[in-house]
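A.B. asks: pasting the structure only:
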């Protein structure tokens, strides 16, 4: 059987690689959109990673709302906001809540009644142990505000919202848990998508009304 030198095989392989590379370059030259697509893909990838700045993350606690510890003695939460160049990522973790239950997260002007201006931010669901988490992206820092310059409902000046609040999505849950002693029927609040939520369960009243935790994020 005829044996060919090892150098011959290496030389042949190198020549094949060169031919393939030249063919690829030729294809890009003949079709500029292929080259543009490659460049755009690289730029998109860079843009996605440029909005991450984990070193400046700010973590704070959510505390039980008034009366909640009587029915959910271990209710608590933790929030971490990670600023980015374009927007921020806020991750909310809760434990000690009613298991397998839906909740509604709001950004608030003040943490307790009457709450002021409120912005519906996200839903959150607990597992069978009463723990849950959710991550949302938006502006959650010292610049967070709402404004109404006029319209069919209400007009108000730019108003910052630096607090958070979490509500039971269903009014019957806190009522059945005994969170509303003396009430003949479940308390209904407007803090969900159909404006028929239960009472508040966690908030950021561990911070002053005029200096909520979002005001500490740059």
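C.D. replies: Thanks, I have the structure now. Quick caveat: nothing in here was measured; it's all calculated off a predicted structure. Residues are numbered from 1 along each chain as shown.
A.B. asks: give the contact list for residue 207.
C.D. replies: 60, 111, 162-163, 213 (CB atoms under 8 Å, 6 or more residues apart in numbering). Every residue, glycine included, has its C-beta placed from N, CA and C.
A.B. asks: Now for these, which sits with the most neighbours around it?
C.D. replies: residue 163 (28 neighbours; other CB atoms under 10 Å).
A.B. asks: Quick check: closest non-adjacent residue to that one.
C.D. replies: Distances taken as CB to CB, 6 or more residues apart in numbering put residue 212 closest to residue 163, at 3.8 Å, once the chain neighbours are dropped.
A.B. asks: Burial check on the one you found, number of neighbours?
C.D. replies: So residue 212, with other CB under 10 Å, has 26 neighbours.
A.B. asks: what's the residue closest to the geometric middle of this protein?
C.D. replies: In the chain, the C-alpha nearest the mean C-alpha coordinate belongs to residue 136, at 1.2 Å (CA atoms, centre = their mean).
A.B. asks: so it touches residue 89, yeah?
C.D. replies: Yes. Because the distance of 7.5 Å satisfies CB atoms under 8 Å, residue 136 is recorded as touching residue 89.
A.B. asks: quick revisit: the residue nearest to residue 163 and residue 142 touch, don't they?
C.D. replies: No. Residue 212 lies out of contact with residue 142 (CB under 8 Å); the separation is 10.0 Å.
A.B. asks: residues shared between the contacts of the two?
C.D. replies: Joint contacts of residue 212 and residue 142 (CB under 8 Å, 6+ apart) are residue 162.
A.B. asks: that older thread, quick check: buried residues in the helix or strand hosting the residue nearest to the centre of the chain?
C.D. replies: Assigned by DSSP states H and E, residue 136 falls within strand 132-138. Buried residues in strand 132-138, counting neighbours by 16 or more other CB atoms under 10 Å, are found at 132, 134, 136.
A.B. asks: beta partners of the first one?
C.D. replies: The partner list for residue 132 in beta bridges (DSSP bridges) reads residue 94.
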